[in-house]
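J.: Please find the sequence and the predicted model below.
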Amino acid sequence: MRSFIVAALLLGPAAGAPLPVPAVAPPARGYWVQAVPTNDQETAVHNAVTDPATAGTPQAAQALRDLAAQHPDGPAAGLARLAAGLLLLDHQQYAEAEPLLLDGEIAKTRLEDHAWKALAELYEKTGEFSKAAELYDRLVARPDPDPFRCHAVLRGAEVHDVLGHRDQALELAQRGLQGCAGREPQALLLIGTIQEQKGDKRSAAEALDQLDRDYPATPQGREAATRLPKLAGSLPPSTPQERLGRDLKKALMLFEAGEHRQAAKLFQALLLRKPKPADADVVRVRLGRSLIALSREAQARPILAAVGQASAVAPEAAYFLARLKSKGTSSPAAYADVATRFPGTSWGEEALIDAASTFARSGKDEDALPFYRRIVEGYPDGKYIDPATFRVGWGEYRARRFDKAAEIFEAAARARSSNLWKPAYLYWTGRAYREMGQEDRARATFEGLLSRYKFAYHGIKAR
């Protein structure tokens, strides 16, 4: 709810106030943001918003209005009226919220953009679209940092469209498409709708076609798919190969989104259209994987097996065939074969970690070690280098080759920047030195660990 956001915002100092010194020094494990009210008025505002008995209720809004009435001028009054206005907006009390959000004291805070956004939403609710459009335009033009720009660009486009300002609405929607990462589906749907209303059916069809192709798993993409048939005749002519490429991309996007049933249907239809060999192999691998996800393994096997051995996706096909072959068995042979046939590939690495895990899951650590060693040697920058390195070092430690273990752990601690693994590497380096009787080196290692990771699991163990 908006009221919880307000509670967080009201912790901060008002504009022009000196930044407070945190009451508590940041801990050694990292940093936090600790904003603190700077005077009694701001403390009272904060308490009114966060009081568990009334937080988020109209009673809290009334308490905030009373505070503002007691001290009507200044940033604290602006914060109180902004918070009250947002709470009343949440409760659809628009007539009471509007004057509070328009209050001039809000300009003395750093949060006037929150008031503009809330007012724009309020005016949309009350049907005052011209006022809403003006406020969205103001948010769009606000200098950086402007956290609401993309929201204002796309909502502003919708409001201008409602007002019949097609050109301005289209300009905003296109701006959203270019500059608002993650909002492309919303922007494309807007562009298609506005262009259709302007009578430009070709541009509308192109926008909806792009939306259906690139974002088919989104709500906007699904809407585009229902609207496209009426506009398909307005699309520019394309070759069969271009249409195949377009449908292949849509199928791949559905696959990546986990929409395997729809993806499988498209992949099956694509195979009937005789794509080029390289494209056909991509289709076979993704179709096979979709069928596996749908628990249709018997259908997946021959499709994956049909992928050419020289194909760029042959390692992927071989890996998923190995998974099918290994299902229900305790043998890593199928994975080991993939790793041997396709060394240096990401699927070779996946096969090695699965082969190792086959043994590790049943406690056969010694049998898993050769596969971990192959990852360390063959994939020094790979996805599984840290767990494999740790397992190799741990194997040396368990075999009481403490000098080797210390060498492996210490080198990994120097080479890695991951805070997930480095504390473990440092801790076991210290333990290995201690086992070798090198107490000074062990103590120095533990002290270095404590200085950086005092509150991490291995930091606590090192105390």
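T.: Received it, and whenever you're ready, just let me know what you need.

J.: tally of neighbours for P145?
T.: 7 (other C-beta atoms under 10 Å). Heads up, the C-betas are built off the backbone N, CA and C, glycines and all.

J.: right, I mislabeled it, should have said E128
T.: Applying other C-beta under 10 Å, we find 16 residues neighbouring E128.

J.: how close does it sit to A152?
T.: From E128 over to A152 the distance is 16 Å, taken as C-beta to C-beta, to the nearest Å.

J.: Point to the residue nearest the middle of the protein.
T.: Most central in the chain under C-alpha atoms, centre = their mean is G182, positioned 9.9 Å from the mean C-alpha point.

J.: Tell me the secondary structure at it.
T.: Put simply, G182 is coil when judged by DSSP: H, G, I helix; E, B strand; the rest coil.

J.: Do me a favour and get the backbone dihedrals for it.
T.: phi 90, psi -10 (degrees, to the nearest 10).

J.: mind checking pLDDT for it?
T.: Reported pLDDT at G182 in the predicted model: 95.

J.: now do D144
T.: 88.

J.: Report the distance from the host helix or strand of A356 to the chain centre.
T.: Assigned by DSSP states H and E, A356 belongs to helix 346-360. Centroid displacement of helix 346-360 relative to its chain, using C-alpha atoms, centre = their mean, to the nearest Å, is 27 Å.

J.: list the helices and strands that helix packs on?
T.: On a contact count with 3 or more C-beta pairs under 8 Å, 6 or more residues apart in numbering; DSSP states H and E, helix 346-360 meets helix 314-326, helix 333-341, helix 365-378, helix 385-398.

J.: closest to K461 out of these?
T.: helix 385-398 (14.9 Å; C-beta to C-beta).

J.: Quick check: which of the helices and strands packed on helix 346-360 is nearest to A305?
T.: Comparing those against A305 with C-beta to C-beta, the closest turns out to be helix 314-326 (6.5 Å).

J.: close enough to count as contact, A462 and R431?
T.: No. At 9.1 Å, A462 does not count as touching R431 under the criterion of C-beta atoms under 8 Å.

J.: for the protein, which spans come out with low pLDDT?
T.: Applying pLDDT under 70 to the chain flags the ranges 1-36.

J.: SS state for P147?
T.: Applying three-state DSSP: P147 is coil.

J.: Going forward, the N-terminal residue is numbered 370.
T.: Got it, the first residue is 370 from now on, which makes the last one we talked about P516.

J.: Can you report how many residues lie near the nearest residue to it once chain neighbours are set aside?
T.: Nearest residue to P516 in three dimensions, chain neighbours excluded: D482, at 7.5 Å (C-beta to C-beta, 6 or more residues apart in numbering). D482 has 18 neighbouring residues, counting by other C-beta under 10 Å.

J.: quick one, what contacts D482?
T.: L508, R511, D515, P516, F517 (C-beta atoms under 8 Å, 6 or more residues apart in numbering).

J.: Looking at neighbours, which among those residues is most surrounded?
T.: Most neighbours among the contacts of D482, by other C-beta under 10 Å: L508, with 21 neighbours.

J.: wouldn't that residue be in contact with D515 here?
T.: Yes. Using C-beta under 8 Å, L508 is in contact with D515, at 7.1 Å.

J.: what about A729, how many neighbours?
T.: Close neighbours of A729, defined as other C-beta under 10 Å, add up to 18.

J.: what's the distance between it and A705?
T.: 15 Å.

J.: Same question for L617.
T.: Applying C-beta to C-beta to L617 and A705 gives a distance of 33 Å.

J.: Give the next helix or strand downstream of the helix or strand containing W485.
T.: Here W485 sits within helix 481-494, counting by DSSP H and E. Later in the chain than helix 481-494, the nearest helix or strand by DSSP H and E is helix 498-510.

J.: Restricting the selection to alpha carbons, write that following helix to CSV.
T.: Extracted in CSV, the C-alpha atoms of helix 498-510 (Å, rounded to 0.1, in the frame of the first residue of the first chain):
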residue,chain,number,x,y,z
PHE,A,498,-8.1,14.2,-17.7
SER,A,499,-6.7,17.6,-18.7
LYS,A,500,-5.4,18.2,-15.2
ALA,A,501,-4.0,14.6,-15.1
ALA,A,502,-2.2,15.1,-18.4
GLU,A,503,-0.7,18.3,-17.2
LEU,A,504,0.7,16.7,-14.1
TYR,A,505,2.1,13.7,-16.1
ASP,A,506,3.8,16.1,-18.5
ARG,A,507,5.3,17.9,-15.5
LEU,A,508,6.7,14.6,-14.2
VAL,A,509,8.1,13.7,-17.6
ALA,A,510,9.9,17.0,-17.8
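
J.: Show me what that helix is packed against.
T.: helix 481-494, helix 518-531.

J.: which one of those is the most hemmed in?
T.: helix 518-531 (a mean of 23; mean count of other C-beta atoms under 10 Å).

J.: Hey, what's the angle from that one to helix 498-510? Just curious.
T.: 150 degrees (axes from the mean of the first three to the mean of the last three C-alpha atoms, to 10 degrees).

J.: Could you tell me the angle between helix 518-531 and helix 481-494?
T.: 30 degrees.

J.: Let me see the residues that make contact with helix 518-531.
T.: 486, 489, 493, 498, 501-502, 505-506, 508-509, 511, 535, 537-539, 541-542, 544-545, 548-549, 552, 555-556, 559, 562-563, 566.

J.: from those, which would you call buried?
T.: Buried by 16 or more other C-beta atoms under 10 Å: 486, 489, 493, 498, 501-502, 505-506, 508-509, 511, 535, 537-539, 541-542, 544-545, 549, 552, 555-556, 559, 562-563, out of the contacts of helix 518-531.
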